[in-house]
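Peer 1: missing the sequence, but the structure's below:
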């Protein structure tokens, strides 16, 4: 007898439909898996047989062939355990074929028949809904995740017995034993509706904690409003990391579509748990400078998202930028420009979204004190050039805001303690700056194509979207000529100026906005001098 079950295989952020075909044929008992399955899928033979036996069901004593179609699509991971087991029970007559009509399933089986959580359930649920599935059976621990997809019935099960009962009683709700008797498939315990827990937005570190640094604070506000990439350069203790850690708190909250897409990325990476629920906060990722290329960009034999994709719709912070390997940093060029990263393998092309705001921090030299008015630098000119040589010109050309920071003065550090009782600092808080960011974003949403941020305006649309005053045009033209800016850098300068105008509630770009944007181009004339 031939039986069929439906499931899906992960391919990047998407899941592609897979048909599990199970055939019982005369011959020596055994189970053969075909269809380009990896080692984890091949090992499903032993897990499935043991799970069926410990669920008081019968393992067919005949030759079993399981085909995972399409045969040229690589299948990876233990999510195929449950559909293989259901197909085997269908083929052996222990499960009614009508109960499995247009039902998708995915889950890892334990030897005792228990169902364990898997990664990528959100992507599988989206694929099931898009292909007209009547319901999706998943481990109970993944039920809340699949329930995030509207228009799809989700059945969570703690073990194989519950999954079988759910298939035979799709509308029933009464409680039943967790294990199935040998003669029949009895009802399983009552299954609670799968609801997605909502994570509360944690209190972000406040911008008011940063003492002084008005230029850096203003650059952070511009980066948050327009989605511009930011490079902070300064000696140790100048507040680079403190500023970077507060950028995510300035960004507007995720809308439902962004939250679902971000949750899908973390689901594919296997980083979700039931206590998180739908991700509601923008991510802040801070990989170490020893991070490898696949760790930062993504990759592997079966590609998984790296830090770049995990920071989607949020902030990627690269501390000690000049300590990263140049070969790793240069892989950021195209993803920063396109907002997505493509990973190519011999048999597949995988896409991960990475629409991020990059914040990088670096010391001016290996010892960190070059240019400091109070401490002398012990590095030679050659050391500084080698140090900054890890940052290529094309990479720096994609960073809109380049800010040189100085250590705050003693007066700025002691200001909060001068007043009696230690009153808080007078610097603006995160909430105050966030309000201006939201107003600026509203201007962008009303003006820009698709409501995108200023940093995402296509080069061919700048002339149609932005309004440049005559004096601003002269300043912009002079800046391109005297600083020898590339076409990309010149366009980015204009986008930053538009963000400044939006923050100032100005409809057009004036000369003052261009002049302020130029103050954030600190490295146009070289970075080791």
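Peer 2: Thanks, I have it. Everything quoted here is computed from the prediction, not taken from an experiment.

Peer 1: tell me where the stretch 101-250 of the chain has strands.
Peer 2: Remark: strands assigned in the stretch 101-250 of the chain by DSSP state E, counting those that start in this stretch are 103-105, 108-109, 115-116, 135-139, 154-157, 230-233.

Peer 1: which residues touch the second one?
Peer 2: Spelled out, it's strand 108-109. Residues outside strand 108-109 that contact it (CB atoms under 8 Å, 6 or more residues apart in numbering): 44, 47-48, 51, 78-79, 81-82, 85, 115-118, 139, 160. In this view, the C-beta of every residue, glycine as well, is placed from N, C-alpha and C.

Peer 1: for residue 56, find the nearest of the strands of the stretch 101-250 of the chain.
Peer 2: Residue 56 sits nearest to strand 108-109 of all the strands of the stretch 101-250 of the chain, at 14.8 Å, using CB to CB.

Peer 1: report the distance from that closest one to the chain centre.
Peer 2: On the basis of CA atoms, centre = their mean, to the nearest Å, strand 108-109 sits 26 Å off its chain's mean C-alpha point.

Peer 1: now it: average pLDDT?
Peer 2: Mean per-residue pLDDT for strand 108-109: 96.

Peer 1: partners of that strand, with directions?
Peer 2: Sheet partners assigned to strand 108-109 using DSSP bridges are listed as strand 115-116 (antiparallel).

Peer 1: coming back round to it: in TSV: the strands of the stretch 101-250 of the chain, plus mean neighbour count and distance to residue 35.
Peer 2: Listed next are the strands of the stretch 101-250 of the chain as TSV, based on neighbours: other CB atoms under 10 Å; distance: least, CB to CB, whole Å:
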stretch	mean neighbour count	distance to residue 35
strand 103-105	27	17
strand 108-109	24	18
strand 115-116	22	22
strand 135-139	26	21
strand 154-157	23	25
strand 230-233	25	48
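
Peer 1: may I see those arranged in TSV, with distance to residue 354 as well?
Peer 2: Formatted as TSV, the strands of the stretch 101-250 of the chain follow (distance: least, CB to CB, whole Å):
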stretch	distance to residue 354
strand 103-105	29
strand 108-109	29
strand 115-116	30
strand 135-139	27
strand 154-157	29
strand 230-233	16
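
Peer 1: so residue 15: helix, strand or coil?
Peer 2: Using DSSP: H, G, I helix; E, B strand; the rest coil, the structure places residue 15 in strand.

Peer 1: give the bridge partners for it, please.
Peer 2: On the basis of DSSP bridges, residue 15 is bridged to residue 10.

Peer 1: poorly predicted segments of this structure, please.
Peer 2: Applying pLDDT under 70 to the chain flags residues 172-204, 274-275, 409-426, 524-529.

Peer 1: show me the residue at the heart of it, geometrically.
Peer 2: Closest to where the C-alpha atoms of the chain average out (CA atoms, centre = their mean) is residue 310, at 2.8 Å.

Peer 1: I'd say that residue and residue 282 touch.
Peer 2: No: in this structure, residue 310 is not within contact of residue 282 by CB atoms under 8 Å, at 11.7 Å.

Peer 1: ok so, going back, bridging residues for the closest residue to the residue nearest to the centre of the chain other than its chain neighbours?
Peer 2: Nearest residue to residue 310, sequence neighbours excluded (CB to CB, 6 or more residues apart in numbering): residue 285, at 5.4 Å. Counting by DSSP bridges, residue 285 forms beta bridges with residue 316.

Peer 1: and residue 285, what does it touch?
Peer 2: With CB under 8 Å, 6+ apart, residue 285 has these contacts: 307, 310-311, 314-317.

Peer 1: wait, which of the contacts of strand 108-109 is closest to residue 68?
Peer 2: Checking the contacts of strand 108-109 against residue 68 by CB to CB gives residue 44 as the nearest, at 10.2 Å.

Peer 1: for the closest one, give me its contacts.
Peer 2: 33, 78, 80-81, 84, 109.

Peer 1: for residue 73, see how far away it is.
Peer 2: 17 Å (CB to CB, to the nearest Å).

Peer 1: do residue 225 as well
Peer 2: To residue 73, residue 225 is 43 Å away according to CB to CB.

Peer 1: of these two, who's got more company?
Peer 2: Counted by other CB atoms under 10 Å, residue 225 and residue 73 do not tie: residue 225 has more neighbours, with 28 against 16.

Peer 1: am I right that the more buried one is in contact with residue 504?
Peer 2: No: look at residue 225 against residue 504 with CB under 8 Å: they stay out of range, at 10.7 Å.

Peer 1: could you pull out the helices for the stretch 51-200 of the chain?
Peer 2: 81-91, 121-130, 143-146, 160-168 (DSSP state H, counting those that start in this stretch).

Peer 1: can you tell which of those is closest to residue 324?
Peer 2: When the helices of the stretch 51-200 of the chain are compared by CB to CB, helix 121-130 sits nearest residue 324, at 30.3 Å.

Peer 1: starting at the chain centroid, how far to that closest one?
Peer 2: Distance of helix 121-130 from its chain centroid, counting by CA atoms, centre = their mean, is 18 Å.

Peer 1: which helices and strands does it pack with?
Peer 2: Counting contacts by 3 or more CB pairs under 8 Å, 6 or more residues apart in numbering; DSSP states H and E, helix 121-130 is packed against strand 2-11, strand 14-25, strand 135-139, helix 143-146, helix 256-268.

Peer 1: now render these as JSON lines, adding distance to residue 488.
Peer 2: Output for these, formatted as JSON lines (distance: least, CB to CB, whole Å):
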{"stretch": "strand 2-11", "distance to residue 488": "32"}
{"stretch": "strand 14-25", "distance to residue 488": "31"}
{"stretch": "strand 135-139", "distance to residue 488": "45"}
{"stretch": "helix 143-146", "distance to residue 488": "40"}
{"stretch": "helix 256-268", "distance to residue 488": "27"}
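
Peer 1: out of the ones you listed, which comes closest to residue 168?
Peer 2: The closest of those to residue 168 is strand 135-139. By CB to CB, the value is 11.9 Å.

Peer 1: now the closest one against helix 160-168, angle please.
Peer 2: Orientation note: strand 135-139 sits at an angle of 170 degrees relative to helix 160-168 (axes from the mean of the first three to the mean of the last three CA atoms, to 10 degrees).

Peer 1: who's in contact with strand 135-139?
Peer 2: Contact partners of strand 135-139, identified using CB under 8 Å, 6+ apart, comprise 82, 102-108, 115-118, 121, 124-125, 128, 145-146, 152-158, 163, 166-167, 170.

Peer 1: please apply the same query to stretch 257-270.
Peer 2: Here stretch 257-270 makes contact (CB under 8 Å, 6+ apart) with 10, 12-13, 119-123, 126, 145, 148, 254, 272, 278-280, 283, 304-305, 309-310, 312-314, 352-353.
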